[in-house]
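**Q** Let's see this in three dimensions:
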Amino acid sequence: MNHATRRSFLARGAAFAVATLALSKPSAWPKPLLATPAPEFDTDDATLRTAYRAALACLEQNTVTLAGFPDPVLIEGSVYRGVWLECAPQEGLVYSLFNPAVGIANHRVFFDLQREDGYLPCCVQMDFRAASQIQMVVPIAATAYELFQRHGNERFLDIAYGASARWDGWLMRYRNTRATGLCEGF
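**A** Residues are numbered from 1 along each chain as shown. This next block holds a predicted model:
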């Protein structure tokens, strides 16, 4: 079995997304793009068609359940069997174009496993979750809000707001040691 690296998968996925958009008229794009199964990609180029199908199959294979969370999430990839706070919410936001439930689950996995003190796990894998560091590049509150704007799930927005407020509280308590109001990395 040929396992693609995350970088090569993302590069190919971006290339195919660009090709898909280039071959269609913007006025024909669904608003919002909510397709199940995935949006059709029609081309005479067998290589592109095969690669698109392979990308969809890889995404499906990488949609699994993880430790302590019952709903399927889109994991990082074929080699790394888990999600990180630094990227899973944003990847879920993108994947919500294909599968809104998985996009929401990529956020809820962190919200549902949040500690009482507000800390969000830095990663969740097949058999454990980690609480050893802060792993946030794109704020989860921002991707959650954009997901709400795209799909209009008010229950999810309520959950995201409460969890994000508790997370901000944790950051201010434990990563604002100089009382500047700014989160410190150390």
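**Q** What segments of this structure are helices?
**A** 6-23, 46-61, 88-95, 100-112, 140-151, 154-174 (DSSP state H).
**Q** Against which helices or strands is the strand ranked longest in the chain packed?
**A** The strand that spans the most residues within the chain, counting by DSSP state E, is strand 69-74. Here strand 69-74 touches strand 63-66, helix 88-95, helix 100-112, going by 3 or more Cβ pairs under 8 Å, 6 or more residues apart in numbering; DSSP states H and E. To be clear about C-beta, it is placed using only N, CA and C from the backbone, and glycine gets the same treatment.
**Q** hey, which of those is tucked in deepest?
**A** Greatest average neighbour count among the helices and strands packed on strand 69-74 goes to helix 100-112 (a mean of 24), per mean count of other Cβ atoms under 10 Å.
**Q** That one to strand 69-74, inter-axis angle?
**A** Relative orientation of helix 100-112 versus strand 69-74 (axes from the mean of the first three to the mean of the last three Cα atoms, to 10 degrees): 130 degrees.
**Q** now for helix 100-112, which elements pack on it?
**A** Looks like helix 100-112 contacts strand 69-74, helix 88-95, helix 140-151, helix 154-174 (3+ Cβ pairs under 8 Å, 6+ apart).
**Q** need those in CSV with mean pLDDT, can you?
**A** Shown next, in CSV, are the helices and strands packed on helix 100-112 (pLDDT from 0 to 100):
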stretch, mean pLDDT
strand 69-74, 94
helix 88-95, 94
helix 140-151, 96
helix 154-174, 96
